[in-house]
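**Q** Sequence unavailable; structure follows:
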């Protein structure tokens, strides 16, 4: 049976820029339908481990010994808070934690009832410190997760895309792209102008580092979770510039505040540089990218080679997550004669390193693709993602299937993608 195409229409309109200037608007569409199956998971029981840093322990020990905060048990004996022996290597005992909570209640009472404003102010600062310490001591090391059953769901979508381009009498080109989704709640659009100076784009764009470095090749008709993609922090950028010459491409982008958006602080920029060329019949590309958002810096790079029907791409991505913030031990109650400040814990902001590789091979109408990606952060278990899939081009419609191991959760999808 012969396929009937309902769209793929081009409309050309004369503009008011002059007799030689024209603008072209094109209309196209994509759609997909199929099924996605996601593996369930067994329930995980939450587990709370009491642990305190040496600085926190020392603060609690001294504060609990101050007569103004002394807590008495049922027999009238003094009850100490946590002791300095309770460090990250030795979990506080249940008794110590209970004593700390009693101490916290005593301090709270001082905040309300202290006879002098100085004592009330000091107690309020101590209370904030104790609350922060208790929160750290009661840190949940294993989050409870309810049992999840296997699920199979229908996945369907249609998008109508509009694109326009034109040229001024002076040789500048301009244009736009926009789309409408069937949900009536999702859209995206960009506008650009280009010339010998390069190209300036505004709107729904990727950051410059993502434009240059990119992601791995994905599998499945719906992406099967899109785990081949990297989490670029520049994804919200809305102004970009790029230029290409002699096989070298440069891009830069930023996010300019619009409307009621919150004011951005710190750095907010991204850039990328790429070289691509022919080497002994193979097309080779090397891309470098960097973004700085606030105090966090991301560095990324990619290398790709394509020859015949084979395409291989490797991507490396590092996010420094911001600077290390050293802890400070709280100055104690003014009864000690020192300045009164709350304690601050270490903020390590360990780097996150992500690496990945994808391979695709096309032979006639069939394409087979595989990828693997690993995310590593110190102190956190590695996350591993891998997938394999195929695509068969039937002309206007493509049959696709994918299987992904998403950090020990299986995702499978199967369906058709259409283009009009």
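**A** Thanks, I have it. This one's a predicted model, so the numbers in the text were calculated from it and none came from an experiment.

**Q** same question for the helix or strand where residue 362 lies, mean pLDDT?
**A** Assignment of secondary structure by DSSP states H and E places residue 362 within strand 352-363. In this model, strand 352-363 has an average pLDDT of 96.

**Q** partners of that strand, with directions?
**A** Strand 352-363 sits in its sheet next to strand 310-319 (antiparallel), strand 366-377 (antiparallel), going by DSSP bridges.

**Q** who are the neighbours in contact with the nearest residue to residue 45 once chain neighbours are set aside?
**A** Excluding the flanking residues, the one nearest residue 45 by Cβ to Cβ, 6 or more residues apart in numbering is residue 144, at 6.2 Å. Quick note: C-beta positions are derived from backbone N, CA and C, even for glycine. Counting by Cβ atoms under 8 Å, 6 or more residues apart in numbering, residue 144 touches 43, 44, 45, 46.

**Q** Save the residues you listed as JSON lines, and put in neighbour count too.
**A** Below are the contacts of residue 144 laid out as JSON lines (neighbours: other Cβ atoms under 10 Å):
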{"residue": "43", "neighbour count": "9"}
{"residue": "44", "neighbour count": "12"}
{"residue": "45", "neighbour count": "8"}
{"residue": "46", "neighbour count": "10"}
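
**Q** with these in mind, which one is nearest to residue 211?
**A** Nearest to residue 211 among the contacts of residue 144: residue 44, at 38.7 Å, using Cβ to Cβ.

**Q** that older thread, quick one, grab the pLDDT at the residue nearest to residue 45.
**A** 75.

**Q** one step back: any chance of a markdown table for the contacts of residue 144, columns distance to residue 30?
**A** Below are the contacts of residue 144 laid out as a markdown table (distance: Cβ to Cβ, whole Å):
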| residue | distance to residue 30 |
| --- | --- |
| 43 | 39 |
| 44 | 39 |
| 45 | 44 |
| 46 | 43 |
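
**Q** right, and residue 46 touches residue 143 too?
**A** Yes - if you go by Cβ atoms under 8 Å, residue 46 and residue 143 touch, sitting 6.0 Å apart.

**Q** Counting neighbours, what do you get for the residue nearest to residue 282 when sequence neighbours are not counted?
**A** Computed as Cβ to Cβ, 6+ apart, the closest residue to residue 282 that is not its neighbour in sequence is residue 307, at 4.0 Å. Counted with other Cβ atoms under 10 Å, the neighbours of residue 307 add up to 14.

**Q** Give the bridge partners for residue 307, please.
**A** residue 310.

**Q** same question, residue 272
**A** On the basis of DSSP bridges, residue 272 is bridged to residue 251, residue 289.

**Q** I'd like to know how far it sits from residue 244.
**A** 12 Å (Cβ to Cβ, to the nearest Å).

**Q** Downstream of the helix or strand of the chain with the lowest mean pLDDT, the next helix or strand is which one?
**A** Ranked by mean pLDDT, DSSP states H and E, the weakest helix or strand in the chain is strand 9-14, scoring a mean of 41. Next in sequence after strand 9-14, counting helices and strands by DSSP H and E, comes strand 22-38.
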